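A.B. asks: Using only what follows, build the 3D model:
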Amino acid sequence: MSGKTERPIEEKKVEAAEIVRVVPTETSIPARRMCITCGEKPTISDSCPYCPSCMNKKSREGKKGKTAPVQVGRKKVKEDKPHAEKVPLSENSAVNIDFGRFPSVLKKLQCLADQEIRPLDLQMIYILKCHFENSKAFPGEV
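C.D. replies: Numbers count the residues shown, from 1 in each chain. Sure, this is the predicted structure:
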């Protein structure tokens, strides 16, 4: 053997069992208040008088009397533009444009439409609208 006196395992167990921890009674956790509604369960916290289930019932009762929220209208801002008036469609509302003699203009228009993610026909209308808005020849129109 290695020179140490070995004790049997049974003695070690007995020594461990003999150690008893003593906890002072002053440090014990104070008991929570009981629910004022049911009186059976402890409250959620020291400041709340209800247990979780009674608090849930109380919140559901409060929601029963409420109606749907009222939709509030949008306030008009000074910068808001009035909606454009719809013009009744006439028979001459479509225009066919032949770019046969001006392929470079069509190519530039197509590139601009692709950049601004618009179809070609809406891009042409947008360009015309911007031109009329910035033009001094048509004040207050469009």
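
A.B. asks: just checking, what's the longest helix in the protein?
C.D. replies: The residue-count maximum for a helix in the chain (DSSP state H) belongs to helix 120-134.

A.B. asks: for that one, packing partners?
C.D. replies: When contacts are defined as 3 or more C-beta pairs under 8 Å, 6 or more residues apart in numbering; DSSP states H and E, helix 120-134 sits against helix 103-115. For glycine as for every other residue, the C-beta is placed from the backbone atoms N, C-alpha and C.

A.B. asks: List the buried residues of the helix it packs on.
C.D. replies: Going by neighbour count (16 or more other C-beta atoms under 10 Å), the buried part of helix 103-115 is Leu109, Ala113.

A.B. asks: what domains does the record give for this protein?
C.D. replies: 32-62, 103-134 (automatic domain parsing).

A.B. asks: looking at those domains, which one has the lowest mean pLDDT?
C.D. replies: Among those, domain 32-62 carries the lowest mean pLDDT, a mean of 86.

A.B. asks: Straight-line length of that domain, end to end?
C.D. replies: Its first and final residues considered, domain 32-62 spans 26 Å by C-alpha to C-alpha, to the nearest Å.

A.B. asks: cool, stretch 34-54 as well?
C.D. replies: End-to-end distance (C-alpha to C-alpha), stretch 34-54: 12 Å.

A.B. asks: Do I have it right that Cys51 meets Ile36?
C.D. replies: No: counting by C-beta atoms under 8 Å, Cys51 stays clear of Ile36, with 9.2 Å between them.

A.B. asks: who has more neighbours, the two?
C.D. replies: Cys51 (22 against 12; other C-beta atoms under 10 Å).
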